[in-house]
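Undergrad: I would like the atomic coordinates for the input below:
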Amino acid sequence: MNVIAVNGSPRKNRNTGTLLEKALEGAASKGASTEIVNLYDLSYTGCRACLECKRVNGDSRGRCAVKDDLKPVLEKIENCGALIMGSPIYFSEITAMTRAFFERLLFQYLSYDKDRTPLTPRAIPNAFIYTMNIPESALENSGYLKRFSEYTLLFERILGPARSLYVTETLQVDDYTKYHMTMFNEDERRERRDKVFPVDCEKAAELGALLASGA
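TA: Residues are numbered from 1 along each chain as shown. As a prediction, the model looks like this:
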């Protein structure tokens, strides 16, 4: 099995990237081959609504026809055993590059036929790792849980079985004194980084192992 991780963070070696790497380590522990794709290294756009993926007798039926850096990634995902995605939350949403990736990945498989059966050639087990600044206790009142559950339903409808991992109150920078960020308590963030983030990394590894084992 090949497990692909897609990193939607512009800071590819920070929280989201670290968790995705741990997830891939978990997948590798079950014998899977692994690969990580950093979206901010690629040049691509969101869906252009050309509808070539839905053209009758078209060569790109069920496939994105746009030829850019994302096209080979989409082809790899179609043939992978499992997909793990990750993004930090900016302005209460996933990053713009992640959203553009979703448009391209999902719209090619979305069917406008009466039966609305997705064009996905087979189920692709998947998971999403969300990283964010807010505390876990604020997830529901902030509307985050509702938004994340909507993404999960979308993934399940079009791709296949979906899981999620929420990682809260992340350490944003190495030195808070260099930035105007006094709303955050640096000592508390560092303590959480030392005590809680390792647990989050273990959860990410478990997630990867579950996907690789077909559980």
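
Undergrad: Distance of residue 145 relative to residue 35?
TA: 30 Å (C-beta to C-beta, to the nearest Å). The C-beta positions use only the backbone N, C-alpha and C, and glycine is treated the same way.

Undergrad: Over to residue 95?
TA: 20 Å.

Undergrad: of the two, who's got more company?
TA: Each of residue 95 and residue 35 has its neighbours counted (other C-beta atoms under 10 Å); residue 95 has more, 21 against 13.

Undergrad: Pull the contacting residues for the more buried one.
TA: Shown in contact with residue 95 (C-beta atoms under 8 Å, 6 or more residues apart in numbering): 8, 9, 10, 39, 87, 88.

Undergrad: rerun at 10 Å
TA: For residue 95, the contact set (C-beta atoms under 10 Å, 6 or more residues apart in numbering) comprises 7, 8, 9, 10, 16, 39, 40, 86, 87, 88, 89, 101.

Undergrad: That one and residue 33, how far apart?
TA: Distance, residue 95 to residue 33, by C-beta to C-beta: 27 Å.

Undergrad: quick one on the thing from earlier: so of the contacts of residue 95, which ones are in strands?
TA: Applying DSSP state E to the contacts of residue 95, the entries found in strands are 7, 86, 87, 88, 89.

Undergrad: quick one, what contacts the last one?
TA: If I follow you right, that is residue 89. Residues in contact with residue 89 (C-beta under 10 Å, 6+ apart) are 16, 95, 130-134, 142, 144, 147-148, 166, 168, 170.

Undergrad: show me the contacts for residue 118.
TA: Shown in contact with residue 118 (C-beta under 10 Å, 6+ apart): 62, 106, 108, 109, 110, 111, 157, 158, 159, 160.

Undergrad: all strands for the chain, in order.
TA: Under DSSP E, the chain gives strands at 2-7, 33-38, 82-90, 93-94, 126-131, 162-167.

Undergrad: Return the longest helix along the chain as CSV; C-alpha atoms alone will do.
TA: Secondary structure of the chain per DSSP state H: the longest helix is helix 197-213. Output of helix 197-213 as CSV, limited to C-alpha atoms (Å, rounded to 0.1, in the frame of the first residue of the first chain):
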residue,chain,number,x,y,z
PHE,A,197,1.9,17.9,21.3
PRO,A,198,3.8,14.6,21.8
VAL,A,199,0.5,12.9,22.5
ASP,A,200,-1.0,14.5,19.4
CYS,A,201,2.0,13.1,17.4
GLU,A,202,1.2,9.7,18.8
LYS,A,203,-2.4,10.0,17.7
ALA,A,204,-1.2,11.0,14.3
ALA,A,205,1.0,7.9,14.1
GLU,A,206,-1.9,5.7,15.2
LEU,A,207,-4.1,7.3,12.5
GLY,A,208,-1.5,6.5,9.9
ALA,A,209,-1.2,3.0,11.1
LEU,A,210,-5.0,2.5,11.0
LEU,A,211,-5.2,3.7,7.4
ALA,A,212,-2.3,1.5,6.3
SER,A,213,-3.8,-1.5,8.0
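
Undergrad: mind listing what's buried in it?
TA: 197, 200, 201, 203, 204, 205, 207, 208, 209, 210, 211, 212 (16 or more other C-beta atoms under 10 Å).

Undergrad: same deal with stretch 173-188?
TA: Those buried within stretch 173-188 under the rule 16+ other C-beta under 10 Å are residue 176.
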